[in-house]
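> Test case, fold it:
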Amino acid sequence: MATVIISLGSNHRQAAHIQWASQWLQTMLTDTTCSRLLWTADIKGSGIMYMNRLIKGTTDLSADSLNALLKAAEQRCGRQGSRVSVDLDLMQYDQQQLHLRDWPRPYIQQLINDIL
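Next up is the predicted model:
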């Protein structure tokens, strides 16, 4: 079993999409812990607001298999272009951190304490 951390973000129907993704991930993972929800402005300065969350859990899936499921879920929710129904990023797989440029972002640093 691998311990994973997944980031969730949405800028379109945020509450509904984050709730759906949170519930879906809790069926995919075991021993889950969810961070609080946090609103942030788009890092590109567009003024669009994102709702964010981190989820920690365990899985017997490989990193590649889990990532493929996350990206398929994004597509099922209708993610396209700048309309981000849901963004699901595998941030950590066991001890390996991924998406290294995202880790220093303030919202990640604020939410990580909720799940560790």
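> May I have the phi/psi pair for the closest residue to Ser22 other than its chain neighbours?
Leaving aside its sequence neighbours, Ser22 sits nearest to Cys34 (Cβ to Cβ, 6 or more residues apart in numbering; 5.9 Å). Heads up, the C-betas are built off the backbone N, CA and C, glycines and all. Phi and psi for Cys34, reported as degrees, to the nearest 10, are phi -110, psi 140.
> So in terms of bridging, what pairs with Cys34?
Counting by DSSP bridges, Cys34 is bridged to Ile55.
> Same check on Val4?
Note on Val4: beta-bridge partners Gly57, Tyr93, judged by DSSP bridges.
> thought it was touching Gln97?
No: using Cβ atoms under 8 Å, Val4 makes no contact with Gln97, being 11.2 Å away.
> pretty sure the residue nearest to Ser22 is touching Gly57, no?
No: at 9.3 Å, Cys34 does not count as touching Gly57 under the criterion of Cβ under 8 Å.
> Now for the two: what residues contact both?
Contact criterion Cβ atoms under 8 Å, 6 or more residues apart in numbering; residues shared by Cys34 and Gly57: Gln26.
> Double-check that Glu71 belongs to a helix.
Just so we're on the same page, residue 71 is Lys rather than Glu. Yes: checked against DSSP: H, G, I helix; E, B strand; the rest coil, Lys71 lies within a helix.
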